[in-house]
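K.L.:
here's a sequence, model it:
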Amino acid sequence: MKTDGSSELLEILKRYYLEKWKQIPIEWFQNFTTWHQSQEDVAQYEAVLLRSAEYGMKFLKTCPAFSIVLQIVFVFDDDVITEDNVFYDIWSSFTMYGYDAALDQSNKYLIPSIKKKYNNAYDNVLFYALWEYFREPMVNLYNECKIKLRRNLLHITLNSLAKLGWNGGLEDNCVIEFILEVQYKNLISKHKKYLIGNQLSNKTITSKIPSNSDTPSYVPSSKFAGNGWEMTGTYV
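P.N.:
Presented below is the predicted three-dimensional model:
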């Protein structure tokens, strides 16, 4: 056991990050983390919290909610998560190519019961966490292009991006049909500049990238049940 004060410092940092997590104003996220604190897999939750204390923002990146969910759902030990940029590759797979392609690419880091729960299903916390990753940049892009968020456009866009990633989400017909052609061209132009500016334009993975989906857009929500949280939603 360490006696040089490092253990005490880690406990202080764990409390600090725990408070930061509690300040994330997303109801489903708070339900998710509260549930994991009280379940048998609390060890996974504690491992992510400890990792945050040890590494700071290194693995929280630009969207702590998405990063925390990703680390709780997937099984990363500290050796694996830093080896050959595994975490960054999985993060990039989800954000660049979307939910299905990323799961296919990275399922060896999912235990079978979790894999079954998340495969081919969009009404879950991992899919919703992807929404949060895309939310802020898309609101900013729409504002820059002076595109009004009418007819549930933001929800439809976040849904398409979560399924197809930056690489194809904005090319989904579900998005295109709600935007004027001249505005859409401007949006795509600013979108490309955003990817280049954030060094996202050259991300690749080896799994097959899905084509645009004709399935209805899923708008998720959450509610807290007596035995934990559950995701609900509607199709639009």
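K.L.:
surely F127 is in contact with Y99?
P.N.:
Yes. If you go by CB atoms under 8 Å, F127 and Y99 touch, sitting 5.6 Å apart. The C-beta positions use only the backbone N, C-alpha and C, and glycine is treated the same way.
K.L.:
ok, K108 to K148 distance?
P.N.:
43 Å (CB to CB, to the nearest Å).
K.L.:
which one's more surrounded, these two?
P.N.:
K148 (11 against 8; other CB atoms under 10 Å).
K.L.:
and D123, that one's in a strand?
P.N.:
No. Following the definition DSSP: H, G, I helix; E, B strand; the rest coil, D123 is coil and is not counted among the residues of a strand.
K.L.:
phi, psi of it?
P.N.:
Dihedral angles of D123 (phi, psi; degrees, to the nearest 10) stand at phi -90, psi 60.
K.L.:
and what of I90?
P.N.:
When quoted as degrees, to the nearest 10, the phi and psi of I90 stand at phi -70, psi -40.
K.L.:
if you drop the residues flanking it in sequence, what lies closest to it?
P.N.:
Once its chain neighbours are removed from consideration, I90 has its nearest residue in S106; the separation is 4.6 Å (CB to CB, 6 or more residues apart in numbering).
K.L.:
for P112, see how far away that neighbour is.
P.N.:
S106 is 14 Å from P112, by CB to CB.
K.L.:
ok, those two, which is more surrounded?
P.N.:
Neighbours were counted for S106 and for P112 using other CB under 10 Å; S106 has more, 20 against 8.
K.L.:
how about that one, secondary structure?
P.N.:
Taking three-state DSSP, the label given to S106 is helix.
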